[in-house]
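Provide a 3D model corresponding to the input given below.
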Amino acid sequence: VQLQASGGGLVQAGGSLRLSCAASGSISSINFMGWYRQAPGNQRELVAGFTGGGSVNYADSVKGRFTIARDNAKNTLYLQMNSLKPEDTNVYYCAARIRVVGKGGIFDYWGQGTQVTVSS
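Now for the predicted structure:
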C-alpha cells in the first residue's frame, strides 16, 4: 500500500492550493484518511480528517478556509486550501488507516509529504 501526495507549492497570502493523496495497493477498506502538517521543531498536527464513521474534523486554525473531500471510488483524498496565510506554511502529509487484503489487522500509512509555502 502506498500513499502518493501532490499539489503543494508556493502561493501568495490569500491564494489557494489543492492537495491530493491517492492510496494504492491491496486495499480492503480505509478506516481513516486525513491531512497533517509539521513545521520544523514542532509536532505533527491534524489539519483535517475523515473518521471511520464519516464525520470530519478540522483544526481550529483552518476552519472556514480548508475543505477536505474524499473520492471513495478512487481512494483519493483532497484538501482544498483557500485564504492561505503565511502561518499555513508547512510540510503537509496525508495519512490513512487501512485494512490490507491478505493481512490481518489495520495498518497506518503516511504519504511522503508535500511542501506548502505561503508568502506574505
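
quick check, central residue of this protein?
Residue closest to the average C-alpha location in the chain (Cα atoms, centre = their mean): Trp35, at 2.4 Å.

and the strands in the chain?
Remark: strands assigned in the chain by DSSP state E are 2-6, 9-12, 17-24, 27-38, 45-50, 56-58, 66-71, 76-81, 90-100, 106-110, 114-119.

can you redo those strands as a markdown table with mean pLDDT?
Below are these laid out as a markdown table (pLDDT from 0 to 100):
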| stretch | mean pLDDT |
| --- | --- |
| strand 2-6 | 95 |
| strand 9-12 | 98 |
| strand 17-24 | 97 |
| strand 27-38 | 94 |
| strand 45-50 | 96 |
| strand 56-58 | 95 |
| strand 66-71 | 96 |
| strand 76-81 | 97 |
| strand 90-100 | 95 |
| strand 106-110 | 95 |
| strand 114-119 | 96 |
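
thinking again about what came up before, my guess is the residue nearest to the centre of the chain meets Leu79, correct?
Yes: Trp35 is within contact range of Leu79, at 4.9 Å (criterion: Cβ atoms under 8 Å). Glycine gets a C-beta too; all of them are placed from N, C-alpha and C.

common neighbours of the two, please.
Residues touching both Trp35 and Leu79 comprise Leu19, Val47, Ala48, Ile68, Tyr92, with contact defined as Cβ atoms under 8 Å, 6 or more residues apart in numbering.

biggest separation within the residues you listed, which pair?
By the measure Cβ to Cβ, Ile68 and Tyr92 form the most distant pair in these, at 11.7 Å.

kindly state the beta-bridge partners for the closest residue to Gln112 other than its chain neighbours.
Once flanking residues are discounted, Gln112 sits nearest to Ala5: 6.1 Å by Cβ to Cβ, 6 or more residues apart in numbering. Following DSSP bridges, Ala5 is listed with bridge partners Cys21.
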